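**Q** Quick one, fold the following:
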Amino acid sequence: MYKSILVPIDLGEETSWAKALPTAVAMARTFDAELHLVSVVPDFGRSIVGSYFPKDYEHDALEAAGNALQKFITEHEEKGIKVKGHVAHGTIYEEINAAADKLDCDLIVLSSHRPELKDYLLGPNAARVVRHAKQSVLVVRD
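**A** Residues are numbered from 1 along each chain as shown. I've put the predicted structure just below:
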């Protein structure tokens, strides 16, 4: 049913993957699907903000994220599951959806926490991924 599954990973926040990753691994095992882990390094937003950081900050941040993601994949390796890591740079929900499209994923499995405001059903990035994704999205509550 699913051939390619995308899991967004925030390497600095365990709740972003603690429940979503095992769920995605189980689905990948069930459907013999490939698993893609994507970590997004947010951009600065306004260019004036970027001027406060060292010249090569973004390059160094992307390189560090790539190294950290490879270490994460090694530490959480599952036998029989094909896993590939990807680092993106930009607006979180846009980069998650772009990665899912580019990698031809047919399912996105992501974690969501509900902010303190009780009116929210999902966290803001998860809600935007769900709203804009072309793929099916499975939201796993943390």
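**Q** residues touching the nearest residue to Lys3 once chain neighbours are set aside, list them.
**A** What sits nearest to Lys3 in space, not counting adjacent residues and going by Cβ to Cβ, 6 or more residues apart in numbering, is Ala33, at 5.4 Å. In short, each C-beta sits where N, CA and C put it, glycine included. Going by Cβ atoms under 8 Å, 6 or more residues apart in numbering, Ala33 touches Tyr2, Lys3, Ser4, Ile5, Met27, Leu107.
**Q** From Leu107, how far off is Ala33?
**A** When Cβ to Cβ, to the nearest Å is applied, the distance between Ala33 and Leu107 equals 8 Å.
**Q** who wins for neighbours among the contacts of Ala33?
**A** Ile5 (27 neighbours; other Cβ atoms under 10 Å).
**Q** Over to that one. Which of the three states is it?
**A** Under DSSP: H, G, I helix; E, B strand; the rest coil, Ile5 falls in the strand class.
**Q** Pull up the gap between Met27 and Ser39, please.
**A** Separation of Met27 from Ser39 (Cβ to Cβ): 20 Å.
**Q** Thanks a lot, see you next time.
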